[in-house]
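Participant: I'd like to go over a predicted model; first the sequence, then the structure.
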Amino acid sequence: MNRELQKIITIDGPAGAGKSTLARKLAHSLVWIYLDTGALYRALALTAARRRVDQSDYEAAEALARSLNITAQPRPEGTAIMVDGEDVTGLLRSPEVSRDASIISACPGVRLALLGLQRSLGAKGEVVAEGRDMGTVVFPGAGLKFFLHASPEARARRRYQELAGQTENLTRAEVLKDILARDLADESRAVSPLKAAPDALTIDTTNLDIDEVLKVMVKAFRNKFLP
């Protein structure tokens, strides 16, 4: 196995399972880089909306993905995303962008266009990469893989708490509906569907807090990487 790939940890799972928070905390505890690959799809979705490109038009979506200069700078606190020189990092977490990202990420050509960039970001190792196909497609040779999941209701509650201060008139029922729709889209897409890698450690976070899950991850890291 490539030594750099051994020093990659992947965290996959559906929306609201705690991937981003845990990936960031795990990377911080290890002094590794946190790579939020979902931000790349969000940046593309944001740009498509701005340019009135139909997210479900695969040919147009792929053409847009290949025409843009999307760059990512992994940092301990997160991944900074630039699109044609504009820093769009702070614009990527709205419900609208999340919904559009789920649609555009189903395009096989889009996923192929962004695959090389994602792999190049993890090439030097010591990276915690989170997304939906990190352990199955992007870094199948990663040294340690996690798959997080939780009940839809628990995930909707967490996402509602996260978004409540950002979006007016948002209801938990609407968030749950969006969660279920994204699950269906992510799990049923033809290319790189959301699923656990065969060698991933699956963790149900429904009744666990962040620190409890982090302890499980750190223990798994020590068992895998430390003598």
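Facilitator: It's in.
Participant: who's in contact with Ala185?
Facilitator: 102-103, 106 (C-beta atoms under 8 Å, 6 or more residues apart in numbering). Glycine gets a C-beta too; all of them are placed from N, C-alpha and C.
Participant: Now do the SS call for it.
Facilitator: Secondary structure, DSSP: H, G, I helix; E, B strand; the rest coil: Ala185 is helix.
Participant: now the most centrally placed residue in the chain: how far from Gly85?
Facilitator: Closest to where the C-alpha atoms of the chain average out (C-alpha atoms, centre = their mean) is Gly131, at 2.6 Å. Using C-beta to C-beta, to the nearest Å, Gly131 is found at 24 Å from Gly85.
Participant: ok, now Asp36?
Facilitator: For Asp36, the distance to Gly85 - C-beta to C-beta - is 20 Å.
Participant: More neighbours: which of these two?
Facilitator: Taking other C-beta atoms under 10 Å, Asp36 and Gly85 do not tie; Asp36 has more neighbours (24 against 7).
Participant: Could you dump the contacts of Ala185 into a markdown table with pLDDT and distance to Thr205 added?
Facilitator: Formatted as a markdown table, the contacts of Ala185 follow (pLDDT from 0 to 100; distance: C-beta to C-beta, whole Å):
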| residue | pLDDT | distance to Thr205 |
| --- | --- | --- |
| Ser102 | 85 | 20 |
| Ile103 | 90 | 26 |
| Ala106 | 88 | 25 |
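Participant: Just send those back as a markdown table, with secondary structure too.
Facilitator: Listed next are the contacts of Ala185 as a markdown table, based on three-state DSSP:
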| residue | secondary structure |
| --- | --- |
| Ser102 | helix |
| Ile103 | helix |
| Ala106 | coil |
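Participant: who wins for most neighbours among those residues?
Facilitator: Among the contacts of Ala185, Ser102 has the most neighbours (other C-beta under 10 Å), with 24 neighbours.
Participant: what about stretch 186-204, start to end distance?
Facilitator: Separation of the first and last residues of stretch 186-204 by C-alpha to C-alpha, to the nearest Å is 18 Å.
Participant: If we go by neighbour counts, what in it is buried?
Facilitator: Residues 186, 189, 192, 194, 196-197, 200, 203 are the ones in stretch 186-204 that count as buried (16 or more other C-beta atoms under 10 Å).
Participant: between those residues, which is nearest Ala23?
Facilitator: Using C-beta to C-beta, Ile203 is the member of the buried residues of stretch 186-204 that sits closest to Ala23, with 12.8 Å.
Participant: helix, strand or coil for that closest one?
Facilitator: Secondary structure assignment for Ile203 (three-state DSSP): strand.
Participant: wait, what's in contact with it?
Facilitator: Ile203 sits in contact with 146-149, 213, 216-217, where contact means C-beta under 8 Å, 6+ apart.
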